[in-house]
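Participant: No letters, just coordinates:
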């Protein structure tokens, strides 16, 4: 019994696959791991960061595996294969807590900012597609759907690298918004989707 428990603990804490995520503005799972990974048992999380607390309660593996929110073989059919309300989890049931509306911690941005992907495996990118939630959409009370998004840009390709950055230009946004980024990795047909919470000052 003890051996089984130890094995389960090791499985829980080990990353499933080494890939990457948007680290700035931090994706929801990455923000929770960065802020609370080393103190995930701290009861203060419930009051100081309730959205991360509910995510850890739902499935702590979502945060430990912040780098592995991928799906294979979508063939670019992101909208057809990802139902409304499931965008932030990349339609992965294990990451459903990332879809929950609420007061997620935000990263302050200006109209023009830089997106930073950290890719542990240096896969490169065919492209990134970047969206932001429409003015008037409230991430604290509404689940994100495709109709809630404004398309901002699609990048070109990037060579394999551990860190990729690219500029994003916006105008007319104020307050709390969801930045939605799709990464089409270049080594295989693997699609990653993340939500980052930003505050346009």
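Facilitator: Nice, thanks for sending it over. Note that the structure is predicted; figures quoted are calculated from it, not measured. Numbering: from 1, shown residues only.

Participant: Residues in contact with the helix or strand hosting residue 51: which ones?
Facilitator: Per DSSP states H and E, residue 51 falls inside helix 50-58. If you take Cβ atoms under 8 Å, 6 or more residues apart in numbering as the criterion, helix 50-58 is touched by 28-29, 31-32, 35-36, 40, 45-46, 62-63, 96-98, 100, 102-105. For glycine as for every other residue, the C-beta is placed from the backbone atoms N, C-alpha and C.

Participant: Using PyMOL, define a selection of the buried residues within the residues you listed.
Facilitator: Selection of buried members from these for PyMOL, criterion 16 or more other Cβ atoms under 10 Å:
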select buried, resi 28+29+31+32+35+36+40+45+62+63+96+97+98+100+104
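
Participant: Look at residue 143 and give its secondary structure.
Facilitator: Applying DSSP: H, G, I helix; E, B strand; the rest coil to residue 143 yields a three-state assignment of coil.

Participant: I'd like the distance between the spatially closest residue to it that is not a sequence neighbour and residue 168.
Facilitator: Nearest residue to residue 143, sequence neighbours excluded (Cβ to Cβ, 6 or more residues apart in numbering): residue 85, at 4.2 Å. Separation of residue 85 from residue 168 (Cβ to Cβ, to the nearest Å): 24 Å.

Participant: if I look at residue 52, how far off is residue 82?
Facilitator: Taken as Cβ to Cβ, the span from residue 52 to residue 82 is 23 Å.

Participant: How about the contacts made by residue 127?
Facilitator: So residue 127 contacts 154, 155, 156, 157, 184 (Cβ under 8 Å, 6+ apart).

Participant: Quick check, pLDDT for the residue nearest to residue 143.
Facilitator: Predicted confidence (pLDDT) for residue 85: 98.
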